[in-house]
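1. pasting a predicted model and its sequence here:
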There are 2 protein chains.
Amino acid sequence: MLWQRVKTALLLAPFAIAVLLIGGPLLTGVALFLFLVINFEYFYFAAKFPRREAFFYTALSALPLLGALVAGDKGFLPGVFLALTALFVAELVQTEREVHDRTITESLQRAVLGFVYTGLFGSSIVLLVHHTPEGRWVLWSVLVVVLTDTFAYFGGRAFKGPKLAPRISPNKTFSGAATGALCAVLGGVGFGHLLGVPAQWGELAAVSLVVTMFSQCGDLMESYVKRLYGIKDISTLLPGHGGVLDRIDGLVFAAVPLLWIGPWVVR
Amino acid sequence: MLWQRVKTALLLAPFAIAVLLIGGPLLTGVALFLFLVINFEYFYFAAKFPRREAFFYTALSALPLLGALVAGDKGFLPGVFLALTALFVAELVQTEREVHDRTITESLQRAVLGFVYTGLFGSSIVLLVHHTPEGRWVLWSVLVVVLTDTFAYFGGRAFKGPKLAPRISPNKTFSGAATGALCAVLGGVGFGHLLGVPAQWGELAAVSLVVTMFSQCGDLMESYVKRLYGIKDISTLLPGHGGVLDRIDGLVFAAVPLLWIGPWVVR
């Protein structure tokens, strides 16, 4: 299992790094593709909508991004309202059309959660990439998230100790979270200088700390969603890793502060 | 019951009309107050969060508006992401802290639905009012929604016929929906000229049609939410009407197209 995981990672890493270094429309395109995949993973594999509905909701999740790519930042919000209206109306119609008694409690809430989680938060990744055509800031962000994931995992295995969130994710420990955060901050400063990110070391440390905290929350959020729907992996698209969302769950959250703080830090 | 309803309406109508005619900061203030009330109604009475959590989520729902009032339109979206992040983290923490086994399925989804429904859609009312300081466009919008509600109700009782959405709202009929829509369009054109709304009659008719359709969807949405949580009225704040959300459920949806279409129609 671990070997399968490493094999997949070694296979994908060069492509990921190349795309991040090349940047530009290729990077935006790849980000958009990953965005569509994680949304489909949520709606189809996690929330278990029929395939047709999962495609429909994935398309709705992309509407705000479409608005932003077409009309600039001010196009995002109309996209949000348009998509949510369509989502609500579709669910109302669907509720009436169901022959079997679909639980009235569940369906609309599942759809709304996906729209907000993989839809809105996931959009941040695409917007982050779109606003940073050179990719160096994005590469740095991804590195901080990967450091968090990796060292939280190994730190937890090495130091053990009290559980961080036993009900949501039984394997996580405080020691792991702290190790991940520490290595993310140290690595964030180090890689920041190495990559020539135009920011002070104090700024790099502060942003790394925010990124690692959001990243770990994103990790917990994905665990929560999986427990919610009683699944272990979000999908089986990446052998050894589960789904794409299992791999980038931290980035889904971390992209949010990066998107809003970024312009103030990287000048 | 009907008498109680009429009595409350007759008592509130003069205040409502006065506030709409005066406009300006008073109107924005009243809209903001109603916004907070419908959010609290959702979180406390409908989704049945404890009082303290209901206040917390109501405050989160107001964050995007706060952003917009402080920093202009571009402040809305950061508010959305900030509020959603806080909501997710609060729910994750709460899930771990619960002594009794709070159903992991329910709590976060209920909170997210409220944030999107009374929060984001409800914000449109405040933004609509805020962007239209003179209040005439808002007065016209409210009239079209009231015409929809009133004539859908009486049209349904008069003509009967096939049900519109028996599972969500058993009393609504197609004949009522059509009567409401027709009277909203006729009244929208008539009141538009009477109030001197600066738009062609064709534009008034088209916007009225959109408003009445959104308004009826908003009505169904509120019925859906009430069925979802097994309640008949959202609260008992307005004798004979139920809660504030029961009264302005149509406007919650209708404000969305009015907000985005408005600037193109009313010059």
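-> In hand now; what should we look at?

2. stretch A:145-155 and chain B, are they touching?
-> No: Stretch A:145-155 stays clear of chain B (C-beta under 8 Å from any C-beta of the partner chain), getting no nearer than 15.8 Å. Placement of C-beta: from N, CA and C, glycine included.

3. quick one: buried residues of that stretch?
-> Within stretch A:145-155, the residues scored as buried using 16 or more other C-beta atoms under 10 Å in any protein chain shown are A:145, A:146, A:147, A:148, A:149, A:150, A:151, A:152, A:155.

4. pLDDT score for the first one?
-> At residue A:145 the predicted local confidence, pLDDT, stands at 95.

5. just checking, what packs against the strand or helix carrying it?
-> Assigned by DSSP states H and E, residue A:145 belongs to helix A:136-159. Judged by 3 or more C-beta pairs under 8 Å, 6 or more residues apart in numbering or on different chains; DSSP states H and E, helix A:136-159 is in contact with helix A:2-22, helix A:122-131, strand A:169-173, helix A:174-195, helix A:201-228, helix A:244-265.

6. now do 10 Å
-> helix A:2-22, helix A:24-40, helix A:122-131, strand A:163-165, strand A:169-173, helix A:174-195, helix A:201-228, helix A:244-265 (3 or more C-beta pairs under 10 Å, 6 or more residues apart in numbering or on different chains; DSSP states H and E).

7. to residue B:230, which of the ones you listed lies closest?
-> Among the helices and strands packed on helix A:136-159, helix A:201-228 comes nearest to residue B:230, with 21.1 Å by C-beta to C-beta.

8. and the angle from the closest one to helix A:244-265?
-> Interaxial angle of helix A:201-228 relative to helix A:244-265 (axes from the mean of the first three to the mean of the last three C-alpha atoms, to 10 degrees): 150 degrees.

9. next, the angle helix A:174-195 makes with helix A:201-228.
-> Going by the same axes, to 10 degrees, helix A:201-228 makes 130 degrees with helix A:174-195.

10. please see if helix A:201-228 touches chain B.
-> Yes: using C-beta under 10 Å from any C-beta of the partner chain, helix A:201-228 reaches chain B at A:213, A:214, A:217, A:218, A:220, A:221, A:223, A:224, A:225, A:227, A:228.

11. is it true that residue A:195 touches residue A:139?
-> Yes: using C-beta atoms under 10 Å, residue A:195 is in contact with residue A:139, at 6.6 Å.

12. compare these two (neighbour count), which wins?
-> When residue A:195 and residue A:139 are compared for neighbours, residue A:139 comes out ahead with 21 against 13, by other C-beta atoms under 10 Å in any protein chain shown.

13. look up how far residue A:195 lies from the closest residue to the more buried one other than its chain neighbours.
-> In space, and not counting its chain neighbours, residue A:139 is closest to residue A:20: 4.2 Å by C-beta to C-beta, 6 or more residues apart in numbering or on different chains. As judged by C-beta to C-beta, to the nearest Å, residue A:20 and residue A:195 stand 10 Å apart.

14. shared neighbours, these two?
-> Shared contacts of residue A:20 and residue A:195 (C-beta atoms under 10 Å, 6 or more residues apart in numbering or on different chains): A:136, A:139, A:140, A:143.

15. returning to that earlier point: for the buried residues of stretch A:145-155, work out which two are farthest apart.
-> Farthest apart among these - using C-beta to C-beta - are A:145 and A:155, which lie 15.4 Å from each other.

16. is any residue of stretch A:70-81 near chain B?
-> Yes: interface with chain B: stretch A:70-81 contributes A:73, A:74, A:76, A:77, A:78, A:80, A:81 (C-beta under 10 Å from any C-beta).

17. now stretch A:131-140, how far from the chain's geometric center?
-> 16 Å (C-alpha atoms, centre = their mean, to the nearest Å).

18. hmm, I typed the wrong one, I wanted stretch A:224-235.
-> On C-alpha atoms, centre = their mean, the centre of stretch A:224-235 falls 15 Å from the chain's centre.

19. tally up the residues packed near the nearest residue to residue A:7 once chain neighbours are set aside, please.
-> Closest residue to residue A:7 apart from its sequence neighbours, by C-beta to C-beta, 6+ apart: residue A:240 at 6.9 Å. Close neighbours of residue A:240, defined as other C-beta under 10 Å, add up to 14.

20. SS state for residue A:240?
-> coil (DSSP: H, G, I helix; E, B strand; the rest coil).

21. tell me which helix or strand in chain A has the weakest average pLDDT.
-> helix A:2-22 (a mean of 85; mean pLDDT, DSSP states H and E).

22. spit out the contact partners of the closest residue to residue A:12 other than its chain neighbours.
-> Once flanking residues are discounted, residue A:12 sits nearest to residue A:238: 7.7 Å by C-beta to C-beta, 6+ apart. Residue A:238 makes contacts with A:4, A:5, A:8, A:9, A:11, A:12, A:244, A:245, A:246, A:247, as judged by C-beta under 10 Å, 6+ apart.

23. which of the residues you listed are buried?
-> For these, buried by 16+ other C-beta under 10 Å: A:9, A:244, A:245, A:246, A:247.

24. tell me which two in those are the farthest apart.
-> So, those by C-beta to C-beta: farthest apart are A:9 and A:245, at 16.0 Å.

25. restrict the helix holding residue A:145 to CA atoms and write it as CSV.
-> In CSV, the C-alpha atoms belonging to helix A:136-159 read as follows (Å, rounded to 0.1, in the frame of the first residue of the first chain):
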residue,chain,number,x,y,z
ARG,A,136,6.4,30.3,-8.5
TRP,A,137,4.1,31.5,-5.7
VAL,A,138,1.8,28.5,-6.5
LEU,A,139,4.8,26.1,-6.5
TRP,A,140,5.8,27.5,-3.1
SER,A,141,2.2,27.1,-1.8
VAL,A,142,2.0,23.5,-3.0
LEU,A,143,5.4,22.7,-1.3
VAL,A,144,4.2,24.1,2.0
VAL,A,145,1.1,22.0,1.8
VAL,A,146,3.0,18.9,0.9
LEU,A,147,5.5,19.5,3.7
THR,A,148,2.5,19.8,6.1
ASP,A,149,0.9,16.5,4.9
THR,A,150,4.2,14.5,4.9
PHE,A,151,5.6,15.6,8.2
ALA,A,152,2.2,15.5,10.0
TYR,A,153,2.0,11.9,8.9
PHE,A,154,5.5,10.8,9.9
GLY,A,155,5.6,13.1,13.0
GLY,A,156,2.4,11.4,14.2
ARG,A,157,3.8,8.0,13.6
ALA,A,158,7.1,8.8,15.4
PHE,A,159,5.9,10.8,18.4
